[in-house]
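Undergrad: can you look at this prediction? I've put the sequence above it.
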Amino acid sequence: MVKKIFYIFLSIIVLTGIYLTLFEILLYNFHSPIDAKIINPNAQYTTWTYLLHQKYITFIELDLLNIHEKRHLLDVKRVFKATYITWMLSASLGFLILVIFFKKVIKYIALFGLTLNTLSLLLSFNFLNSFKLFHALFFKQNSWIFLKESLLIEWFPLIYFQEFFSLFLLLSFSIFVLFRIIAIKVSL
């Protein structure tokens, strides 16, 4: 029983590493809705550079944005930084766990991954409320709510987050189905 709990714990670390790896890949490669016309490419590029590459925690140097928008981007930057650190740790540990305990953890990773993805898919049917809940948990005092005229709403409309989440689910489902196939073959 203790061994099983140990392998489940290790599987959760690997699972976290996989999810955060996919998140980071999408974060660095998916910056606007599919087929969207980017209205101010330089400003949007500056925003992504600020969020992903600037090492210092300061307000963004972009005069197009108001203080409320800049404050939210600073909060997003802090979340991204914490996510990055967690990713580096979980992906490194996850890789070691897979190398050492592959046969023992593969079935748990596949099972938990497919289960979490199924729950996430169900939550996506009420995407707006899930989106609001996520933001309420990570961003205090409604700092993420903007007027329709906000540049951040223009650059990052709800469809952007829906497409990002859809790609994330598609990629992670693919990985965990592959893990499930491997788990079946390993147990034979």
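TA: Right, received. Where do you want to start?
Undergrad: these two touch, right, F101 and L10?
TA: Yes - counting by CB atoms under 8 Å, L10 is a contact partner of F101 at 5.8 Å. (C-beta placed from N, C-alpha, C; glycine too.)
Undergrad: contacts for stretch 5-23?
TA: Stretch 5-23 is contacted from outside by 83, 86-87, 90-95, 97-98, 101, 104-105, 108-109, 112-113, 116, 168, 171-172, 175, using CB atoms under 8 Å, 6 or more residues apart in numbering.
Undergrad: now do the buried residues in that stretch.
TA: For stretch 5-23, a neighbour-count test (16 or more other CB atoms under 10 Å) marks 7, 10-23 as buried.
Undergrad: so which strand or helix has S174?
TA: Using DSSP states H and E, S174 sits in helix 158-187.
Undergrad: I'd like the mean pLDDT over that helix, please.
TA: Averaging pLDDT along helix 158-187 gives 95.
Undergrad: identify each buried residue in stretch 26-42, please.
TA: Burial within stretch 26-42, assessed by neighbour count using 16+ other CB under 10 Å, is assigned to 26-27, 31-33.
Undergrad: quick check, nearest of those to L137?
TA: Proximity of those to L137 (CB to CB) peaks at L27, which lies at 18.3 Å.
Undergrad: now for that closest one: which residues touch it?
TA: Residues in contact with L27 (CB under 8 Å, 6+ apart) are 52, 80.
Undergrad: would you list the phi and psi of it?
TA: phi -60, psi -40 (degrees, to the nearest 10).
Undergrad: before we move on, back to that, how far out from the middle of the chain is the helix holding S174?
TA: Centroid separation for helix 158-187 versus its chain: 13 Å, with CA atoms, centre = their mean, to the nearest Å.
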